[in-house]
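In: my questions concern the predicted model and sequence given below.
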Amino acid sequence: MKKLIFSLLFAACSLQAFAQQELIHPKEQQKQGIVQQPQPYIEVDGKQVAQASLVLIAARHIESAEVLKDEKATEKFGDKAKDGAVLLKTDPTAKWVTIQDIYTHYRIPATQQNLRVIINNQLVKDTSLILANLEQIEKVEVKKQDIIAPVRWSLNDEEEFLHITSKPQTKK
């Protein structure tokens with residue numbers, strides 16, 4: 001019985017430590033061997049956007065894409081482009097909206113507009129960088145995180161998030 005209790009306690013502590021990895025400073029993550037995903041600087045029509053919001057941009061609106069690597073990226077955009085830069089030019093007829101427009105369109109109450117935003121299960125750290133076509137949004141809903149999901153955005157199981165789900169991209 002003691003072994004079972006110890007095993008359960010050890011498993012619970014391990015899971016909590018895993019969930020807290022997001023809260024560790026980046027230099028500490030490197031020391032602990034946590035693999036960081038590259039975070040390229042992304043710009044649409046001269047405006048920086050969050051990587052997660054790319055799924056909210058209809059592919060048919062993209063006219064051209066340019067990828068800058070290494071020194072070219074950091075030369076042009078500084079340290080925020082240390083992982084490279086992706087520059088997109090879009091069709092001038094494309095209608096872009098920001099997070100405020102999404103709140104208005106989907107009638108999100110003011111009390112829920114301070115929730116952290118998730119786009120297709122990816123946490124957006126800076127919501128001011130969200131850019132979207134409303135036609136690419138399938139649904140917007142407020143819900144709690146899935147406590148058995150492999151990625152946790154919070155240690156608080158009761159925290160609510162504004163989940164934005166994109167429609168699948170259509171092929172030309």
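Out: Good, I have the coordinates.

In: would you map the strands across this protein?
Out: With DSSP state E as the criterion, the chain has strands at 41-44, 47-48, 62-68, 85-90, 116-119, 122-124, 137-144, 160-166.

In: my guess is Ala50 contacts Ile42. True?
Out: Yes: the pair Ala50 / Ile42 is scored as a contact, 7.5 Å apart, by C-beta atoms under 8 Å. Quick note: C-beta positions are derived from backbone N, CA and C, even for glycine.

In: poorly predicted segments of the protein, please.
Out: Low-confidence segments of the chain (pLDDT under 70): 1-36, 170-172.

In: all the helices of it, residue numbers only.
Out: 2-20, 26-31, 70-77, 99-105 (DSSP state H).

In: quick one: list the elements packing against the third one.
Out: Applying 3 or more C-beta pairs under 8 Å, 6 or more residues apart in numbering; DSSP states H and E, we find helix 70-77 packed against strand 85-90.

In: for Glu71, give its distance to Leu131.
Out: 27 Å (C-beta to C-beta, to the nearest Å).

In: check Val86 too.
Out: 13 Å.

In: higher neighbour count, the two?
Out: Leu131 (23 against 18; other C-beta atoms under 10 Å).

In: hmm, Val55 and that one touching each other?
Out: No: if you go by C-beta under 8 Å, Leu131 and Val55 don't touch, sitting 11.2 Å apart.
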